[in-house]
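>>> Got a sequence here, can you model it:
(chains A and B)
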Amino acid sequence: MSAGDTHVNSPEIQRLARVIEPGHSYATVTDKIASIVLTRPTSLGWLAGFSIAFTLMMVLMGSIAWLVTKGVGIWGINIPIGWGFAIVNFVWWIGIGHAGTLISAILFLLNQKWRTSINRFAEAMTLFAVACAGIFPLIHTGRPWMAYYMFPYPSTMGIWPQFRSPLIWDVFAVSTYGTVSALFWFVGLIPDLATLRDRATNKAAQIIYGMLAMGWRGSARHWHRYQSAYLLLAGLATPLVLSVHSVISFDFSIAIVPGWHTTVFPPYFVAGAIYSGFAMVLTIAIPLRKAYDLEDFITMRHLENMAKVMLATGLIVAYGYFFEFFMSLYSGNKFDVFLVQQRLHGPYSSYYYALILCNILTPQVLWFQKMRTNVAVLFVMSLVINVGMWLERFVIVVISLTRDFMPSAWGRYQPTFWDWSTFIGTLGLFVSLLFLFVRALPAISIAEMRELVHTSEDHE
Amino acid sequence: METPPQRNANMAQIFHRSTNFISRFSLFAGIFLAGLALTGVLGLARSPYFTRQNVTRSQPVQFSHKHHVGDDGIDCRYCHTSVETSATAGIPQTKTCMSCHSVLFNNVGYLEPIRESYRTDASIEWVKVHRLADYVYFNHSIHVSKGVGCSTCHGRVDQMPLMFQANTLLMQWCLDCHRNTEMALRPLDKVYDMAWRPAANQAEIGRQYKAERNIRNTSELSSCSTCHR
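Take a look at the predicted model:
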């Protein structure tokens, strides 16, 4: 790319800078997005995709039923590896959710217009990821029906939960996150639900969307209150982007286990969460814009910006890995040094190298704009990063637990069929919910897109 | 911001006017019902339905503590012989009953199960009234020897024609005492006194007993492994 002033106005630059393709009016935006829900027939592709996802979700149900019948012994966990897949998957899922909140809250407060077309389904992704995440600690307790013990309610035992335990902090962090995300998502949906109510031709849809729209008429007073509420919720959700995964990282860093007891965990967990979250948003956005012809709304600018965020957060994560490594060696603590050796040469070293490959080396291609604007490359990159972030949690959980202080306490971890079926089952649950969401609710915010059309016209 | 174009040809209202009221009302009703349900569940967990507090049980022989303790003045330890030395207070053998009933009321019909047990050597199957969960380690002897009286937990047994739990036996109830030991400590010669009541300055006396008898502090007495070993 040779430098030159003319390039600023070149059609190529303009194409990459657009958050909405030209030629759209309020009506076309509304038509296009609402039609996905209201008028488009259910496509064969949707049915096929949903069937596969639903089948996998049934695998999850079956796995949980078998788990409840037999107990957590069906998994590969055993002392010293008490955590295993359940915690790996929990951290992975909850991390994925973070991009949704970042896009919808932080980018909203920063007035980033490019969030507009991706925030709705990113928030939905957050909710569904939190739902998948929540399953794991619950079933990992072994007796999920006793999980209410973790809430501070006036029990007949005369005791409170152990507030000094990070696992209790988890309960609060995740339930707050779930609640605020759901509220934020729903409040954002209200004007669109009203649009769907007004456009729906069948009575049942009118009533359902009507009830959900809660009497929205689009009056100035409604908009005024709506915008205050939305801003307040964005303010509430913003600290959660940082706090939730920090709390999750405390599960590890509060413990004294080598490889966990480090202060770099909270920031690098948060960066990792956003990293994997943006990867998942891309994994969803690329097929979505293709399947429903939404390239006008989810433009190359969106994809490229997300790639940039991935590159930035990926570098923070790389920094985290490096300093984890460096501090272990620099500390001279023999257990920490030994853990580094185990990561590089131990029985799970292949996972560690795969992690470095997926999370640090491969994403460096995103430095090149050609790559950032190549949809196929981005899609592959998003999958690679998702795998990489999963491997990161596997490395953290398994290597540290199998190699702590005394050789007598060492062990091996081998995930079983049921570990895999539960994990793959949650992927099924996640994708099923996404399929239902795309079909039942506007995947892109109609109201905000109309606003975008309005402001874009002002500028032109 | 403009309202979206109305494409719907049939512009009749979907909802009746009353929906406004119903939707607002249902918000409050929902909160109210959730509160009610929660209160109900929490209340039920403490109710005699679950704790069996104040519920008498049917026994093979309708034994009256009121008669034996209250009227006759028999000491607790005459029957519950192991209370000072072991975890359980002990259910008396049939021969303990027969030590009196071989001569007293030795031909009344309702004592026939006692005589039959004595003849056949088969135990009487008394129904346990104070049943703690299996995962609770409870020891009578330590409580008795540190000066916790029978009536503190079992109530006025001397006034019970039929035995019942005077207390809930909930963990909360155990901890109430383990966190305030001084309120339950008596002079050691009053442990079997059914009529003992805390003095006005019980907290002060209790603290003195606590020191004299080397009773552990609250954090040790309320730690998990004190009772769940």
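
>>> Give me the neighbour count for whichever residue of chain B sits closest to chain A.
With CB to the nearest CB, the shortest gap between chain B and chain A falls at residue B:172, namely 3.3 Å. In short, each C-beta sits where N, CA and C put it, glycine included. When counting by other CB atoms under 10 Å in any protein chain shown, one arrives at 15 neighbours for residue B:172.

>>> Once you drop chain neighbours, what's closest to it?
Closest residue in space to residue B:172, ignoring its immediate chain neighbours: residue A:158 at 3.3 Å, by CB to CB, 6 or more residues apart in numbering or on different chains.

>>> Next: residue A:272.
By the measure of CB to CB, 6+ apart, the closest residue to residue A:272 outside its immediate chain neighbours is residue A:317, 5.0 Å from it.

>>> The one you found contacts residue A:273, correct?
No - the pair formed by residue A:317 and residue A:273 falls short of the contact definition of CB atoms under 8 Å, at 9.7 Å.

>>> These two: which is more packed in?
Between residue A:317 and residue A:273, counting by other CB under 10 Å, residue A:273 is the more crowded of the two (30 against 27).

>>> got the buried residues for the strand or helix carrying the more buried one?
Here residue A:273 sits within helix A:265-291, counting by DSSP states H and E. In terms of neighbour count (16 or more other CB atoms under 10 Å in any protein chain shown), helix A:265-291 has its buried residues at A:265-286, A:288-289.

>>> Does the helix or strand that that helix is followed by pack against any helices or strands, and if so which?
For helix A:265-291, the succeeding helix or strand toward the C-terminus, using DSSP H and E, is helix A:300-331. Packed against helix A:300-331 by the contact rule (3 or more CB pairs under 8 Å, 6 or more residues apart in numbering or on different chains; DSSP states H and E) you find helix A:11-17, helix A:265-291, helix A:334-345, helix A:369-372, helix A:375-394.

>>> at 10 Å what do you get?
Packed against helix A:300-331, as judged by 3 or more CB pairs under 10 Å, 6 or more residues apart in numbering or on different chains; DSSP states H and E, are the following elements: helix A:11-17, helix A:84-101, helix A:265-291, helix A:334-345, helix A:349-356, helix A:369-372, helix A:375-394.

>>> Deepest in the core, which of those helices is it.
Ranked by average neighbour count under the criterion mean count of other CB atoms under 10 Å in any protein chain shown, the helices and strands packed on helix A:300-331 are headed by helix A:84-101 at a mean of 27.

>>> Just checking the distance from it to the centre of its chain.
Taking CA atoms, centre = their mean, to the nearest Å, one finds the center of helix A:84-101 at 7 Å from the center of the full chain.

>>> again, but for stretch B:101-121
For stretch B:101-121, the gap between its own C-alpha mean and the chain's C-alpha mean amounts to 31 Å (CA atoms, centre = their mean).

>>> right, and the residue nearest to residue A:272 touches residue A:278 too?
No - using CB atoms under 10 Å, residue A:317 and residue A:278 do not qualify as a contacting pair, with a distance of 11.9 Å.

>>> For chain B, give me its nearest residue in chain A.
Among all residues of chain A, residue A:158 sits closest to chain B, at 3.3 Å; criterion: CB to the nearest CB.

>>> Report the contact partners of the residue nearest to residue B:172.
Under the criterion of CB atoms under 10 Å, 6 or more residues apart in numbering or on different chains, the contact partners of residue A:158 comprise B:170, B:171, B:172, B:173, B:174, B:175, B:176, B:178, B:179, B:222.
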